[in-house]
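1. Any chance you could fold what I've pasted below:
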Amino acid sequence: MRAMFIWSGLALCTAFAVAEVDGALGRAEAIDRFMDSPPPDQGNWSAQRRRDYAASIGMSHDMPVALLTIDALDLQVPVFPRDDELSLNRGSALIPGMAGPDQGGNLGIAGHRDGYFRVLQDIQPGDIIQVRTHRDEHRYRVTAIHIVDLDDNRLLGDSALPTVTLVTCYPFYFVGNAPQRFVVTGEYLWNDQT
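-> Sure, this is the predicted structure:
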């Protein structure tokens, strides 16, 4: 009888490990598939951002650490580890000094207002933000939208609970260096939340 419990326990552990590996491989493949997919719809991007994106295609760059998706906005954008111009021309980037994906705390992601993040002008409280990494899939619900001054960093501080903060320049159609920031904050959705 004891041997049966041991074998049953081993079988369950093995099944769990296989499921975890399969899930991680699926998440990694989703990021890889996105990077190999055709260019995004750039219909609402500025002409300069379209040129910068096209120029960045042939350049060597870091692999993304995550894929950010907001279904309500039809947005899918890679998240790169460095916030240099090349990364921001190719997608979005982690904000230095803030939490990274899979770490907990306040995950900060920046993007250009005249590129991928232009659709944020239509985001609404309650929209779902999904961040898929090679390890896990994280979901957040938009709780607030802020317009802040350029030097206002209050929303970029660490948090006790996992949160997400998306940042882009504002106004969206401003000519020149935008004087403000458009900041979207979201709370983590645990497995028992929808």
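
2. Strands along this protein, start to end?
-> Taking DSSP state E as the criterion, the chain contains strands spanning 66-70, 75-80, 92-94, 106-111, 128-133, 137-149, 163-170, 180-188.

3. Make a markdown table out of these and add mean pLDDT and mean neighbour count.
-> Bear in mind the C-beta positions are built from the backbone N, C-alpha and C, glycine included. Formatted as a markdown table, the entries for these read as follows, by pLDDT from 0 to 100; neighbours: other C-beta atoms under 10 Å:
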| stretch | mean pLDDT | mean neighbour count |
| --- | --- | --- |
| strand 66-70 | 97 | 24 |
| strand 75-80 | 97 | 22 |
| strand 92-94 | 97 | 24 |
| strand 106-111 | 98 | 24 |
| strand 128-133 | 97 | 20 |
| strand 137-149 | 97 | 16 |
| strand 163-170 | 98 | 23 |
| strand 180-188 | 97 | 20 |
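
4. what about the residue sitting nearest the centre point of the chain, distance to residue 92?
-> With distances taken as C-alpha atoms, centre = their mean, residue 68 lies nearest the centre of the chain, 3.1 Å away. Separation of residue 68 from residue 92 (C-beta to C-beta, to the nearest Å): 6 Å.

5. Distance-wise, check the closest residue to residue 66 other than its chain neighbours relative to residue 176.
-> With C-beta to C-beta, 6 or more residues apart in numbering as the measure, residue 79 is the residue that lies nearest to residue 66, at 4.1 Å, once sequence neighbours are left out. Taken as C-beta to C-beta, the spacing of residue 79 relative to residue 176 amounts to 27 Å.

6. again with residue 89
-> For residue 89, the distance to residue 176 under the criterion C-beta to C-beta works out to 18 Å.

7. Ok, residue 153 next?
-> Counting by C-beta to C-beta - residue 153 and residue 176 are separated by 22 Å.

8. In terms of neighbours, single out the busier of these two.
-> Ranked by neighbour count (other C-beta atoms under 10 Å), residue 153 and residue 176 place residue 153 first, with 13 against 5.

9. what's the spacing between the more buried one and residue 74?
-> Counting by C-beta to C-beta, the separation of residue 153 from residue 74 is 30 Å.

10. Show me where this structure has its helices.
-> 2-36, 47-56, 85-90 (DSSP state H).
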